[in-house]
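>>> Quick one, what's the 3D model for this:
(one chain, ligands or ions: 1)
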Amino acid sequence: RTTHFGYQEVPVDEKASRVADVFHSVAARYDVMNDLMSFGIHRVWKRLTIERAGVRPGHSVLDIAGGTGDLTLKFSRLVGPRGRVVLADINESMLRVGRDKLLDRGVGGNVEYVQANAETLPFPDNTFDCITIAFGLRNVTDKDAALRSMARVLKPGGRLLVLEFSKPDNPLLSQAYDQYSFRLLPRMGELVAGDAESYRYLAESIRMHPDQDTLKGMMEDAGLERVEYTNLTGGIVALHRGIKL
Ligand code: SAM
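Predicted coordinates:
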């Protein structure tokens, strides 16, 4: 089956290995590409995520699909020496780049690095005060399983924040964004990282991801309550938050 844009849709059982190839391939250049492709705006989206997380000294935080650890870095300062942050990712290369970066920045003993699949988190029930998944959920094969797994390991009263590409709320912006992501992005990927294919995957995975209200419903189905979302940059990105009661 080909998608709307003529790319081959990846069958579900091949998706995980395709995602693994993409992130092994982009790991070393991931941070540079992130700044370049989002014109640095991903930093603003992440700052808002930190503000809404309500993390305090002593808290336990899970940053799943945490990759190169931008959120973990900030959380590790917020939770202080009595708290802990788990940077977890399914991909060894991303986790290695993240760990090296955090160690270079002097992040200390309150961060643990765990290779884990969001669908089957290897932690006991009711472990974390806060869980974040930033630009990760769209890469997960079984998103409902991942949301259930995250809800399970949250403590009662804990918050789940999902930062992800979403659906622009204005048709003009939507058109411009399609041009950008399907034409310019793969070219930038080719020029800067020598890898157009990974950036084509990126554009396609964004297009296939559930829109704001669908994701809200999926979070509610996974058992989260008081789910709400905020559109950022005209809905190009949305920040969803739910609470486990
Ligand atoms: N959170 C980081 C950020 O915002 O910069 C990294 C986001 S990166 C676009 C997506 C990450 O999701 C990759 O590091 C990838 O390995 C990870 N990932 C993909 N599928 C996953 C899964 N099933 N479980 C955990 N992590 C996964």
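>>> From here on, just use CA atoms for contacts and neighbour counts.
OK.
>>> Check residue 5 and give its pLDDT.
The per-residue pLDDT reported for residue 5 equals 42.
>>> so for the biggest helix by length in the chain, what's the average pLDDT?
Scanning the chain for the helix with the most residues, using DSSP state H, yields helix 12-26. The average pLDDT for helix 12-26 rounds to 83.
>>> pull the longest strand from the protein.
Looking across the chain with DSSP state E, the single longest strand is strand 154-165.
>>> Spatially nearest residue to residue 124 (excluding sequence neighbours)?
residue 153 (6.1 Å; C-alpha to C-alpha, 6 or more residues apart in numbering).
>>> I'd guessed that neighbour sits against residue 123; true?
Yes - contact criterion C-alpha atoms under 8 Å: residue 153 and residue 123 qualify, at 6.4 Å.
>>> Looking at those two, which is more packed in?
Neighbour count, other C-alpha atoms under 10 Å: between residue 153 and residue 123, residue 153 has more, with 22 against 14.
>>> What residues does the residue nearest to residue 124 make contact with?
121, 123, 124, 125, 126, 127, 128 (C-alpha atoms under 8 Å, 6 or more residues apart in numbering).
>>> sorry, back to before: then the longest strand of the chain to PDB, C-alphas only?
Coordinates of the C-alpha atoms in strand 154-165 are reproduced here as PDB (Å, rounded to 0.1, in the frame of the first residue of the first chain):
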ATOM      1  CA  LEU A 154       3.000   6.100  36.900                       C
ATOM      2  CA  LYS A 155       2.200   6.700  40.600                       C
ATOM      3  CA  PRO A 156      -1.300   7.700  41.400                       C
ATOM      4  CA  GLY A 157      -1.400  11.500  41.000                       C
ATOM      5  CA  GLY A 158       1.500  11.200  38.500                       C
ATOM      6  CA  ARG A 159       1.500  13.000  35.200                       C
ATOM      7  CA  LEU A 160       2.200  11.800  31.700                       C
ATOM      8  CA  LEU A 161       3.300  14.400  29.100                       C
ATOM      9  CA  VAL A 162       3.300  13.500  25.400                       C
ATOM     10  CA  LEU A 163       5.100  16.000  23.200                       C
ATOM     11  CA  GLU A 164       4.600  15.100  19.500                       C
ATOM     12  CA  PHE A 165       4.000  16.400  16.000                       C
END
